[in-house]
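> pasted the sequence and its predicted model underneath.
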Amino acid sequence: MNIVVLGAGRVGFNVAKELSLSENDVSIVDISKTALAQVSERLDVKPVFGHASDISVLKEAGIENADIVVAVTAFDEINMTICQIADFMFNVPVKIARIGRKSYFDGYDLFENERFPIDFVVSPALEVTKMVRRIVSVPCTIDVVSCIENKIRVIRVICKKGSPIIDIQLKYIQTVDQNSTVAILVIKRAEQWFIPNKNDIMHPGDEIYFACSAKNIREAMALFGYSIDKPSNVIFIGGNEICEEVIKNIASNDIAIKVIENDLARAEKLSDALSNVEILHGDPLNSEILAISGIRNAEVVIAVTNDDKINILSSLLSKKLGAKRVATILNDSSYADILYSLGINSILDSRMATVTKILQYIHEGSVEDILSLDDAKIEILALNVSEDSYAVGTLTDDIIIKNEAYIPAIVRGEQLFMLPKHFLLNAGDKILFVARKDAVDKILKIFRDKPKYLL
């Protein structure tokens, strides 16, 4: 495919990077020569200097032959204008735009019913809101992702000492998991993520992603030493729109919520808007305020202010004061590796969430969901088997690549098969895959549709 990416910031750079690895012809436009120099040094794409909405620049980037335009500049209005031009002047089939300002989504339905010629709109703020909601949805977890029509949960936890699964080789996991409720996807040990094999043994303190049925979360969590039946306490640092939106959408009455907000007017507004929530007015960098809030007893502390420095410092202070789990929103992910090493459990990166959503949409023919572990170069994919796919009639054993890719779960209709063996794939099957990034393209080729002359 011919793809034009407008904007060479972190979102545009990473979108171009992933797309260029899959035999696409990618060009990227930016007004920053520094950003384009980095693109030239690191990516096999065509860099184009100039204003993203300038028609002559768009032509130089190849928009006349483009299959997809991805508008991810820092300016919403420019992104919308680019999509208008791509549609009206060049009849580009697929237009994707990043829209950052939340006000564009507040009750106006601007992007519904073809009011704008944009095929897919992604909002960083909305994606972060979803990420925060996932963390709150299942107590004791570091992250939770729903996939395959919400039938499967991919959950990140730390394996507790004394849990039933400790010291058991994964090939014998059914001795403690007799109903086959879980599949171990990846393990982090000694700061390294790896895809486990059947002979690996679970250790206390291992950080893992596992998959389970949405109906069996309680049983699955128990295998790793957690009970999700007891009420949980959640503290938000910062009472911004993300915080308010998440709290309004929490259905459970078993979650006690406190919000620390430094701005008095905002704190008063939240107090009026949110029932059964304790609002504390004070500086989140003040250890006394954090102690009064009950940080030590909180199941999770989530720093959601609009200031990265406040989020980082308040998270580190919360951890020092005894918080069990801390999640931090970051706009500049250059701090991420340092924060992980200091004990911050979850980094909520709106830009990388945006990249993931864009790639999901572009690959929607076969890829339903993607969870990337960038530091480990591992991806968790949910793939659909189409009627004309090469994969139809293939055994799962023939797709698995030792130490590089394996299939932890398959959904067929309403049935869920965990750790399937000698399984013949049918059209309509939905497959959860774990793979190293350098193996992903090989796997996607298997699930692509056959050319018409072979049908």
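Here it is on my side, so go on.

> contacts and neighbour counts: CA atoms only from here.
OK.

> how many residues are close by residue 23?
Number of residues near residue 23 (other CA atoms under 10 Å) recorded here: 11.

> poorly predicted segments of the stretch 101-250 of the chain, please.
107-109, 113, 139, 229-231 (pLDDT under 70).

> which residues in it form strands?
In the stretch 101-250 of the chain, the strands defined using DSSP state E, counting those that start in this stretch lie at 120-122, 143-147, 152-158, 182-189, 192-194, 207-213, 232-237.

> residue 19 is nearest to which of these?
strand 120-122 (16.8 Å; CA to CA).

> to residue 132, which of the strands of the stretch 101-250 of the chain lies closest?
Nearest of these (CA to CA): strand 143-147, 8.8 Å.

> same list (the strands of the stretch 101-250 of the chain) but as TSV, adding mean neighbour count and distance to residue 415.
Output for those, formatted as TSV (neighbours: other CA atoms under 10 Å; distance: least, CA to CA, whole Å):
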stretch	mean neighbour count	distance to residue 415
strand 120-122	18	31
strand 143-147	20	15
strand 152-158	22	11
strand 182-189	21	15
strand 192-194	15	29
strand 207-213	23	10
strand 232-237	22	32
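
> okay, the ones you listed in JSON lines with distance to residue 9 next?
Converted to JSON lines, the strands of the stretch 101-250 of the chain look like this (distance: least, CA to CA, whole Å):
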{"stretch": "strand 120-122", "distance to residue 9": "16"}
{"stretch": "strand 143-147", "distance to residue 9": "26"}
{"stretch": "strand 152-158", "distance to residue 9": "29"}
{"stretch": "strand 182-189", "distance to residue 9": "30"}
{"stretch": "strand 192-194", "distance to residue 9": "27"}
{"stretch": "strand 207-213", "distance to residue 9": "30"}
{"stretch": "strand 232-237", "distance to residue 9": "28"}
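
> what's the closest of these to residue 307?
Across these, closest to residue 307 is strand 232-237 (CA to CA), at 11.1 Å.

> got the CA coordinates for the closest one in PDB?
What follows is strand 232-237 as a C-alpha-only set of coordinates in PDB (Å, rounded to 0.1, in the frame of the first residue of the first chain):
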ATOM      1  CA  SER A 232     -10.800  -1.900  46.700                       C
ATOM      2  CA  ASN A 233      -9.600   1.700  47.400                       C
ATOM      3  CA  VAL A 234      -8.600   3.900  44.500                       C
ATOM      4  CA  ILE A 235      -7.000   7.300  44.800                       C
ATOM      5  CA  PHE A 236      -6.800   9.700  41.900                       C
ATOM      6  CA  ILE A 237      -4.200  12.500  41.900                       C
END
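
> the chain should start at 38 in everything you say after this.
Done: numbering now begins at 38, and the last item shifts to strand 269-274.

> so what does that strand touch, helix or strand wise?
strand 292-298, strand 337-340 (3 or more CA pairs under 8 Å, 6 or more residues apart in numbering; DSSP states H and E).

> ranking these by burial, who's on top?
Burial of these is given as mean neighbour count (mean count of other CA atoms under 10 Å); strand 337-340 ranks first at a mean of 28.

> what angle separates the next helix or strand after it from strand 269-274?
Toward the C-terminus, strand 337-340 is succeeded by helix 345-357 as the next helix or strand (DSSP states H and E). Angle, helix 345-357 to strand 269-274, by axes from the mean of the first three to the mean of the last three CA atoms, to 10 degrees: 140 degrees.

> give me the helices and strands touching helix 345-357, please.
strand 337-340, strand 363-367.

> surely residue 104 is in contact with residue 130?
Yes - using CA atoms under 8 Å, residue 104 makes contact with residue 130 at a distance of 5.7 Å.

> the two: who's more crowded?
residue 104 (16 against 13).

> residues contacting that one?
38-40, 129-131 (CA atoms under 8 Å, 6 or more residues apart in numbering).

> where's the nearest residue to it once chain neighbours are set aside relative to residue 67, distance?
Sequence neighbours aside, residue 39 is the residue nearest to residue 104 in space, at 5.3 Å (criterion: CA to CA, 6 or more residues apart in numbering). Distance, residue 39 to residue 67, using CA to CA, to the nearest Å: 18 Å.

> please say which of those two ends up with more neighbours.
Under the criterion of other CA under 10 Å, the comparison of residue 39 against residue 67 puts residue 67 first, with 22 against 17.

> who touches the more buried one in this structure?
43-45, 73, 85-89.

> now with 10 Å?
Applying CA atoms under 10 Å, 6 or more residues apart in numbering to residue 67 gives the contacts 42-46, 49, 73, 84-89, 94, 110.
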